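Colleague: quick one, what's the 3D model for this:
(chains A, B and C)
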Amino acid sequence: MTLAIRRKRVGSLGPGAATALAGDRLTIDIDALQAFVAGRDERIEAVHVHIAAPGESVRILCAKDVIEPRVKLAGDSPGEGTTLILDGVAVVTTGPIVGFQEGVIDMTGPGADYSPFSSLGLVVIEIEVRAGTPPHEHEAAVRAAGLDAAGHIAAQCADVVPDRTDDLAWNETDVDAALPRVAYVDMLLSQGLLHDTYVLGRSAIEGLPRSLDPRVAIDGGIVSGNCVSACDKTTTWHHQNNPVITRLLDGHGKRWNFVGLVLTNVPTRLAEKQRSAERAVALVRELAPAGALVSKEGFGNPDADLMMLLRGLESAGIRTVAITDEYAGPDGDSQSLADTAPEADALISVGNANAKLRLPPMDRVIGPLPDVARLAGGYPHSLGDDGSLEVELQAIVGATNQLGFSSLSCREI
Amino acid sequence: MVKEFERAGIAAAHICSIVPISKTVGANRIIPSIAIPHPLGDPAKSPAEEKALRRRLVERALEALETDISEQRVF
Amino acid sequence: MATGRIRVVHYLNQFFAGVGGEEAAGMKPEWRPGAQGPGRLIESSSDALEIVGTLVAGDNYMAERLSDGVAQALALIGEHAAEGSPLAPDLLIAGPAFNAGRYGLACAALCQAFERSLDKPAVTALYPEAPAVAGYRREVMIVRAADSVLGMNDAIAALVSVGLKRVRGAPVSAATDPIISRGIRQNYFAEAPGAERALEMLLDKLAGEAYETEYAMPEFDRVAPAPPVRNLAEATVAVVTSGGIVPRGNPDHIEAASASRYGEYSIEGLDRLTPESHQSVHGGYDPTYANADPNRVMPLDVLRELEREGRIGRLHDRYFATVGNATPVERAVRFGEEIAAMLVNVGVHAVICTST
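Modeller: Residues are numbered from 1 along each chain as shown, chains lettered A, B, ... in the order given. The predicted structure is shown next:
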């Protein structure tokens, strides 16, 4: 299997008469995009498209998912053929809230330091569904609309000359035997409505754990249906740009031998958690690694799944490092994880999600304002009279992403 | 919270889905339940079966409250 | 009096101030102008500060009546170096007290009281295992000292550098300064993304090289089990849930995550919870099932049955609910303490607590 990645850097983004790339400026035909998204799904009542640029005084509320615009130029399935990526821009879905846990993206100010999306040009798709649409259908409609919009934008730019093309090779056999064998375990949240992930179109509640070609994972094989706390949900964009996989592929054959990816889920029953952890460990053992890196999604009960994995891997002689965020309270003096294990002796912290932040008012707000108090990490009093917001980092999309995309960390003082 | 009840001398049974977390936070009388979104129920069962299941869990919690223990125990 | 220097009040026990040994340990706090004993080393170690006065007190006097002794010491500062006066301190330095029990306690307690009442920084120096450390490290800035007076020079240097930083508002952290960690987790931006740090740590771990975990496993507080209920048929049982089941409309506005409050709700006369009467406001799980039948989280229906059958004496007619989702443990402890106090008051014998 070969996968060619073509990248085109988008320098600026704005509305225009057509959705097209000219030089490095991407224009969006807003009316046409609205009509395209609305026409794809009869559950959708109305679509409003907004543009938000880095540095602009804009706040996006109730952001649900973020998707990188990509299109397959050759091949049909994730992980093969040729994929064109528009770098530097992303599609964000928003709209009246489905559940409790959707997040904030500020394009400037102190909040912008915490989200990787504040530095991208964003095409925000605000979606209203027809009255009476059940919550599961609502979520599905919004999820599909984001993917469709991102694919549509990239498809309009299919003939662009890319800045670079990379062939993603991944061949275990030619690797120097002296390099350490390293596996990667990617935990996907899978707990029902607003807490789910989709692997090759199928809910991660079923069919996991499994091995997957890492190139499939970053080429559209994993889609987020998860709106758990914005800070540590793995958005579709994060799956597409999984920093563990891209680095492991980069250093493969040079610094280590990347022997494979195992996807595991995070079920809601204890017995299923134990079963998933055992099967994931068994799949990792088949890869015969010396070490494994584990990334988490969500917090609270997934901490228990993480500890089961670390115990299982370490007792199988596989040395582990895991990436986690912390919930140490607003003052940082509370216990950070819901579960612990002595085997968890090498953890990377991507930040305390309870840390508070005051977000000053913005000139423009996209998304349903009254829903802010219901965001996880938002308080009933979090909306100031002047339009400022007092939130925990929890509410900011991607702030403590547990794939380790960002540089935020936490230490004891 | 459970721990604070016990600290105050009130026997407290913790019915919870994820036992390891309950052990970590320090509950003493732990009763494993069904699943996170429905700890005391199972939507896959008939209403009568589901209620019987719930009753068994609560009865087990009552037994835990009556039991003399010296350290954490999962009932 | 030189101008522009940082003004320091220094605290010493009777021994280091040169008053005497155990025979003088009962002395009340006294004010001495200028530097005494180790205070002279502090002054000579930096041109940036001067010691305006030294508080001296006996170890026994302070240990036996700590809050009185501390209040007297603060009163002496008010008397000799009041706010607004030319001697008003910018900083309190206490000790170094090394591994001393009574002296260390007095130093830490005085630092805490000084910061609280004057809102100015204070710093002391203790051996990390000194008895006062555990109780005060969260609130008091303690620099590391050796376990004996042999470490005097290092302790003084640490006191001065950390003290000056604090007066100047510069950040102080266990990662960069010679202080005893306060056990507080603080965010910062690292030089590399988490994924990169993870891979480097894994390579170090595989190569058998030293690495430092970014979150060390905590030690847990355990509580001895409460005695069992002897006769449930005569007992009052209360229900508490962290599963976010509240009366419809969420009258107390309990948050979906990081709950800052809990609610107390009547179940008097209610035989079971219904989708019309109650709902889930928990943001951490799919609420479909709990909303369809809230008894799946808060089992009122079977508890009423068991009450009617006489298996339990009485179900307390109010239940407590909060949302256990990203809720800091410290806050859950406070909820638990408050609810426990109420339950003890009304004579509840046992609690059933449900979590999702």
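
Colleague: mind listing what's buried along stretch C:93-110?
Modeller: For stretch C:93-110, a neighbour-count test (16 or more other CB atoms under 10 Å in any protein chain shown) marks C:93-100, C:102-110 as buried. Backbone N, C-alpha and C define where each C-beta goes, glycine included.

Colleague: can you flag which of those residues belong to helices?
Modeller: C:Arg102, C:Tyr103, C:Gly104, C:Leu105, C:Ala106, C:Cys107, C:Ala108, C:Ala109, C:Leu110 (DSSP state H).

Colleague: of the residues you listed, list those near chain A.
Modeller: With CB under 8 Å from any CB of the partner chain as the criterion, these include none near chain A.

Colleague: quick one: list the elements packing against the helix or strand encompassing C:Tyr319.
Modeller: Assessed by DSSP states H and E, C:Tyr319 sits inside strand C:318-321. Contacts defined by 3 or more CB pairs under 8 Å, 6 or more residues apart in numbering or on different chains; DSSP states H and E place strand C:318-321 against strand C:236-241, strand C:263-266.

Colleague: which element follows the first one toward the C-terminus?
Modeller: Downstream of strand C:236-241, the next assigned helix or strand under DSSP H and E is strand C:245-247.

Colleague: grab the nearest non-local neighbour of the residue in the stretch 101-250 of chain C positioned nearest to chain A.
Modeller: Of all residues in the stretch 101-250 of chain C, the one sitting closest to chain A is C:Gly194 (2.7 Å; CB to the nearest CB). Excluding the flanking residues, the one nearest C:Gly194 by CB to CB, 6 or more residues apart in numbering or on different chains is A:Gly404, at 2.7 Å.

Colleague: assess the claim that C:Ile339 and C:Phe320 are in contact.
Modeller: Yes - with contacts counted by CB atoms under 8 Å, C:Ile339 reaches C:Phe320, the gap being 5.1 Å.

Colleague: tell me, what's touching those two both at once?
Modeller: In terms of CB atoms under 8 Å, 6 or more residues apart in numbering or on different chains, C:Ile339 and C:Phe320 are both contacted by the residues C:Val240, C:Tyr262.

Colleague: picking that back up, would you put the C-alpha positions of the strand holding C:Tyr319 in CSV?
Modeller: Provided in CSV are the C-alpha atoms of strand C:318-321 (Å, rounded to 0.1, in the frame of the first residue of the first chain):
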residue,chain,number,x,y,z
ARG,C,318,-34.3,14.3,51.3
TYR,C,319,-31.6,13.1,48.9
PHE,C,320,-28.4,14.9,47.8
ALA,C,321,-27.1,15.2,44.3
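
Colleague: could you check whether the next helix-or-strand element following that strand is close to chain A?
Modeller: Going down the chain from strand C:318-321, the next helix or strand is helix C:329-345, by DSSP H and E. Yes - interface with chain A: helix C:329-345 contributes C:Val329, C:Glu330, C:Arg331 (CB under 8 Å from any CB).

Colleague: just the buried subset of those residues, written out for ChimeraX, thanks.
Modeller: To isolate the buried members of the residues of helix C:329-345 next to chain A in ChimeraX, using 16+ other CB under 10 Å:
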select /C:329,331
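
Colleague: and the residues of helix C:329-345 next to chain A as a markdown table, adding distance to C:Tyr136 and pLDDT?
Modeller: Formatted as a markdown table, the residues of helix C:329-345 next to chain A follow (distance: CB to CB, whole Å; pLDDT from 0 to 100):
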| residue | distance to C:Tyr136 | pLDDT |
| --- | --- | --- |
| C:Val329 | 21 | 79 |
| C:Glu330 | 17 | 79 |
| C:Arg331 | 22 | 84 |
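
Colleague: relative to C:Val239, which of the residues of helix C:329-345 next to chain A is nearest.
Modeller: Distances from C:Val239 to the residues of helix C:329-345 next to chain A, taken as CB to CB, are shortest for C:Arg331 (20.3 Å).
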